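1. quick check, what structure comes out for this input:
(one chain, ligands or ions: 2)
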Amino acid sequence: MRSLLFVPGDSPRKLQKGLESDADALILDLEDSVAPDAKPQARAASLAFLTQTRTLPRRPLLIVRVNPLTSGLIEADLDAVMAGAPDAIMLPKAEGGVDVSHLAAKIAVREAENDLPDGATRIIPIATETGKGVFGLGTYAGATHRLAALTWGAEDLSADLGAETNRLTDGSYADPYRLARALTLFAAASAQVDAIDTVYTGFRDEAGFRAECIAARRDGFTGKMAIHPAQVAPINEIFAPSPQALARADAIIALFAANPGVGVIGLDGEMLDRPHLVRAKRLRARADRLAE
Ligand code: COA
Ligand code: MG
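-> Residues are numbered from 1 along each chain as shown. Ligands and ions are numbered 1, 2, ... in the order given. Here you go, the predicted model:
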């Protein structure tokens with residue numbers, strides 16, 4: 001998954017537009033982009049969309065962002081949308097492994113009720129939306145087989161911290177958010193799942209958006225969430241492994257394969273050892289998955 005496009009769940013028009021975009025995944029939102037009074041309508045529209053879309057021969061992955069565990073809304077959210085067999089549930093304000101295990105139990109009940117295969121529905125937590133969530137980042141590893149990826153949030157975190165802003169005047173994140181972002185990468189590596197970068201709210205600022213995508217790829221994120229269809233193409237382009245990077249990865253893999261038992265080797269004036277081989281194999285595996 002390179003691009004994950006948020007679509008307000010109560011907007012059939014935007015749901016349709018989302019489908020026409022080239023996003024790898026759509027996140028049907030029942031949480032913050034839907035007003036309290038519109039939640040029932042958003043559940044109904046999202047279920048209708050899931051039902052229509054899931055049988056299409058070519059379709060994006062379908063993810064539903066439900067309301068938080070403590071909202072009093074999540075039971076009704078899951079009751080509605082699990083009948084549409086989403087590929088994954090995104091959990092906002094997640095605070096660690098206990099929360100995703102709790103959600104996994106709720107999902108398992110609905111899978112049984114809807115004759116869905118046990119374990120088919122994956123979970124993607126937004127893991128840094130509260131201070132407590134940041135401290136829970138180390139607890140996702142091993143919590144549930146449903147864990148598909150981890151992502152982070154800077155908007156709700158700034159609200160939880162009582163901060164004036166989360167960005168400096170030059171557009172870069174202030175220290176607390178840089179820390180949350182970095183810890184998300186460590187948490188994802190520890191849980192052996194993909195790390196997905198958070199949204200960029202300035203949807204007319206293509207230069208700033210591209211720079212943030214490139215920085216995310218550099219640091220190990222494998223994709224980014226989008227809030228506007230115009231953000232999808234840059235994400236897909238930037239997070240697809242480049243032909244040059246793939247050629248180099250293949251050369252490294254071939255070199256080690258041709259020299260079994262060798263731990264360290266030189267290529268184009270650079271020392272290569274195990275971490276370089278691991279990185280090359282990961283890039284090759286990701287490219288193969290994207291090509292499928
Ligand atoms: N998904 C699907 N379609 C979208 C979209 C989205 N996230 N955002 C915009 N569009 C559509 C619009 O409906 C519009 O199509 P139309 O003219 O045929 O109606 C077209 O793309 C261009 O939109 P634009 O005029 O540039 O933006 P806008 O002012 O209509 O909408 C937002 C701006 C921010 C309200 C909108 O992008 C949005 O709803 N984003 C998602 C918000 C969200 O889910 N937030 C929660 C996670 S942080
Ligand atoms: Mg939010």
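2. quick one, what contacts Glu95?
-> Contacts for Glu95 (Cβ atoms under 8 Å, 6 or more residues apart in numbering) come out as 130, 132-133, 136. For glycine as for every other residue, the C-beta is placed from the backbone atoms N, C-alpha and C.
3. now with 10 Å, please.
-> 68-70, 125, 127-137, 139 (Cβ atoms under 10 Å, 6 or more residues apart in numbering).
4. swap in Ala207?
-> Counted by Cβ under 10 Å, 6+ apart, Ala207 has contacts Gly171.
5. that one falls within a strand, correct?
-> No: counting by DSSP: H, G, I helix; E, B strand; the rest coil, one finds Ala207 to be helix, located in no strand.
6. gap between it and ligand 1?
-> 17 Å (Cβ to the nearest ligand atom, to the nearest Å).
7. quick check: residues of the protein near ligand 1?
-> Residues of the chain found near ligand 1 (Cβ under 6 Å from any ligand atom) are 5-8, 13-14, 17-18, 29, 32-33, 199, 203, 227-229.
8. just the helices in the stretch 101-250 of the chain please.
-> For the stretch 101-250 of the chain, the helices defined by DSSP state H, counting those that start in this stretch cover 131-135, 155-161, 175-191, 206-219, 232-239, 243-258.
9. possible to save those as TSV with mean pLDDT?
-> As requested, the helices of the stretch 101-250 of the chain are exported to TSV (pLDDT from 0 to 100):
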stretch	mean pLDDT
helix 131-135	98
helix 155-161	97
helix 175-191	98
helix 206-219	97
helix 232-239	97
helix 243-258	95
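10. what's the end-to-end length of stretch 263-274?
-> End-to-end distance of stretch 263-274: 7 Å, with Cα to Cα, to the nearest Å as the criterion.
11. err, stretch 221-235, not the other one
-> 11 Å.
12. and among the helices of the stretch 101-250 of the chain, the most buried is which?
-> Of all the helices of the stretch 101-250 of the chain, helix 232-239 carries the top mean neighbour count, a mean of 20, counting by mean count of other Cβ atoms under 10 Å.
13. contacts for that one?
-> Under Cβ under 10 Å, 6+ apart, the answer for helix 232-239 is 1-5, 18, 21-24, 60, 196-197, 200, 206, 209-214, 216-217, 221-226, 286, 290.
14. now the buried members of those.
-> Among the contacts of helix 232-239, those classed as buried by 16 or more other Cβ atoms under 10 Å are 1-5, 18, 21, 23-24, 60, 196-197, 200, 209-210, 212-213, 216-217, 221-226, 286.
15. so of these, which ones are in strands?
-> Those of these mapping onto strands are 3-5, 196-197, 223-226, per DSSP state E.
16. in those residues, find the pair that's most separated.
-> Leu5 and Asp197 (13.5 Å; Cβ to Cβ).
17. who in the stretch 51-200 of the chain is up against ligand 2?
-> Residues of the stretch 51-200 of the chain lying near ligand 2 by Cβ under 5 Å from the ion: Asp156.
18. can you tell me which of the ones in strands among the buried ones among the contacts of helix 232-239 is nearest ligand 1?
-> For these, the residue nearest ligand 1 by Cβ to the nearest ligand atom is Leu5; the value is 5.7 Å.
19. contacts only, for the residue nearest to the closest one when sequence neighbours are not counted.
-> Once flanking residues are discounted, Leu5 sits nearest to Ala23: 3.9 Å by Cβ to Cβ, 6 or more residues apart in numbering. Listed by Cβ under 10 Å, 6+ apart, the contact partners of Ala23 are 1-7, 60-61, 225-226, 229, 231-233, 235-236.
20. swap the cut-off to 6 Å and go again
-> By Cβ atoms under 6 Å, 6 or more residues apart in numbering, Ala23 lies in contact with 3, 5, 60, 232.
21. show me what the spatially most central residue of the chain is bridged to.
-> By Cα atoms, centre = their mean, the chain has its centre lying nearest to Ile196, at 4.0 Å. On the basis of DSSP bridges, Ile196 is bridged to Thr151, Gly223.
22. hmm, it is touching Ala148, no?
-> No: counting by Cβ atoms under 6 Å, Ile196 sits too far from Ala148 to count as a contact (9.5 Å).
23. which parts of the stretch 51-200 of the chain are strands?
-> In order along the chain, the stretch 51-200 of the chain carries the following strands (DSSP state E, counting those that start in this stretch): 61-65, 88-91, 122-125, 149-151, 194-197.
24. okay if I get those strands as a markdown table plus mean pLDDT?
-> Converted to a markdown table, these look like this (pLDDT from 0 to 100):
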| stretch | mean pLDDT |
| --- | --- |
| strand 61-65 | 98 |
| strand 88-91 | 98 |
| strand 122-125 | 98 |
| strand 149-151 | 98 |
| strand 194-197 | 98 |
